[in-house]
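[1] no sequence on this one, just coordinates:
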């Protein structure tokens, strides 16, 4: 059903997490909504998230868990729609869930249950699905947005851009939202891959590439000094570089050319432990380090270590000079690396940057200079940490928009 003169109250471009949330809320408030998506299969990014179980929120979500050039922008939406609000929705649909590492919430079963929830919420709001449907052009005149699409012309009094960022292009991600934002005169904070593996110079990484598959908990921070952002998370060695939660987290904060610094024995005083274990100890250094790390890592680390006077790889603890043990401990606690880049959008979970949020009203997601235009979700310069935060931003920004959209005056 359409509004007066064949015009919808609102057209939403993008049937992902934020788009379906905004469409469902608006529809259930009585608005006539068209939900448009170019994909043939609904919400593929939700489907693959959390290893197929959708890490749908994080109970600790707050503004501090997001990056933005306008860091206060997300406060209002996050406060108005909390993790508990989405949990209530999940429980209303009888979806089982559990908490995992650091407040992350996952479905007990498939992520399909979250997709089904959102689809049913849209259906309750009598949302008109237009899918698959690609948008070729958008124009605005006389208070009406006109969309030229593969299914014909769609007209609406309000337009919501919920078409995401550029992460995972193999699932259909594009820069469409950014291009449309620029068309309407909005600034875009330079986008780049985030929550993404880091890569290193192949020749320099050759020795450590043999450790592919080795994982351990580390502390990782940006910058060579004592400051910078840091995370205590699991690290994964790969053939090309480093991945795992620790690297995905720090990748959002890393800038090209900067080092990252790894503490491979976080929470321990390795110098004290090694010196204390030295007296009369006939074990080789590799055996001692194997009690701290996976053996492959211990052996490779010592094989790559250099000392002008000793063959560290076969040295016994009792024979190791104190100087050498102190140096070894320092290298393990402070391993500086300079990545050459990232694995790119194909391996990134999200996009950092996006539409500059200073152009939007933080309570409604409406563009201040273009009445009736709203932007939600990943297309905005609001990027969450790893662990369910980006989903919570999708729900919160979608809800803020869905509550703010206006119903047409009908005779």
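    Perfect, I can see it now. Worth saying up front: this structure is predicted, and the values here are computed from it rather than measured. Numbering: from 1, shown residues only.
[2] just the helices in the stretch 1-150 of the chain please.
    With DSSP state H, counting those that start in this stretch as the criterion, the stretch 1-150 of the chain has helices at 17-28, 44-48, 75-80, 83-92, 112-124.
[3] quick one: contacts of the last one?
    Contacts of helix 112-124 with the rest of the structure, by Cβ atoms under 8 Å, 6 or more residues apart in numbering, involve 17, 20-21, 23-24, 27-28, 35, 42-43, 46-47, 54, 56, 89-90, 93, 95, 107, 129. From N, CA and C alone the C-beta is placed, and that goes for glycine too.
[4] low-confidence ranges, the stretch 151-300 of the chain, go.
    224-227 (pLDDT under 70).
[5] for it, which segments count as helices?
    176-183, 202-209, 245-251, 270-276, 285-289, 295-304.
[6] other SSEs contacting the third one?
    Judged by 3 or more Cβ pairs under 8 Å, 6 or more residues apart in numbering; DSSP states H and E, helix 245-251 is in contact with strand 198-199, strand 215-222, strand 230-237.
[7] among these, which comes closest to residue 318?
    Minimum separation from residue 318 across the helices and strands packed on helix 245-251 (Cβ to Cβ) falls at strand 215-222, 26.7 Å.
[8] can you get me a residue count around the residue nearest to residue 222 when sequence neighbours are not counted?
    The shortest distance from residue 222 to any non-neighbouring residue, by Cβ to Cβ, 6 or more residues apart in numbering, is to residue 228 (4.1 Å). As a burial measure, residue 228 scores 17 neighbours (other Cβ atoms under 10 Å).
[9] tell me how far residue 228 lies from residue 273.
    26 Å (Cβ to Cβ, to the nearest Å).
[10] kindly report the same for residue 41.
    Residue 41 is 53 Å from residue 273, by Cβ to Cβ.
[11] and the two? which has more neighbours close in?
    residue 273 (16 against 12).
[12] contacts only, for residue 22.
    12, 160, 162, 374, 376, 398, 399, 401, 402, 405.
[13] narrow the residues you listed to those in helices?
    The helices, defined by DSSP state H, take in 398, 399, 401, 402 from the contacts of residue 22.
[14] which two of these have the greatest separation?
    399 and 401 (7.3 Å).
[15] who touches both of the two?
    22, 25.
[16] can I get the helices of the stretch 151-300 of the chain in a markdown table with distance to residue 257?
    Shown next, in a markdown table, are these (distance: least, Cβ to Cβ, whole Å):
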| stretch | distance to residue 257 |
| --- | --- |
| helix 176-183 | 25 |
| helix 202-209 | 15 |
| helix 245-251 | 14 |
| helix 270-276 | 29 |
| helix 285-289 | 31 |
| helix 295-304 | 24 |
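[17] quick one: closest of those to residue 68.
    Closest among the helices of the stretch 151-300 of the chain, using Cβ to Cβ: helix 176-183, at 15.4 Å.
[18] thinking again about what came up before, what's the most buried one of the helices of the stretch 151-300 of the chain?
    Mean neighbour count (mean count of other Cβ atoms under 10 Å) peaks for helix 245-251 among the helices of the stretch 151-300 of the chain, with a mean of 25.
[19] residues in contact with residue 144?
    With the criterion set at Cβ under 8 Å, 6+ apart, residue 144 makes contact with 7, 155, 156, 157.
[20] max pairwise distance over those: which two?
    Checking the contacts of residue 144 with Cβ to Cβ, the most distant pair is 155 and 157, at 8.3 Å.
[21] and for those two, which residues touch both?
    What both residue 155 and residue 157 touch, as defined by Cβ under 8 Å, 6+ apart, is the set 7, 8, 144, 145.
[22] which of the three states applies to the residue lying closest to residue 101 once chain neighbours are set aside?
    Leaving aside its sequence neighbours, residue 101 sits nearest to residue 387 (Cβ to Cβ, 6+ apart; 7.5 Å). Here residue 387 takes the coil state, with states given by DSSP: H, G, I helix; E, B strand; the rest coil.
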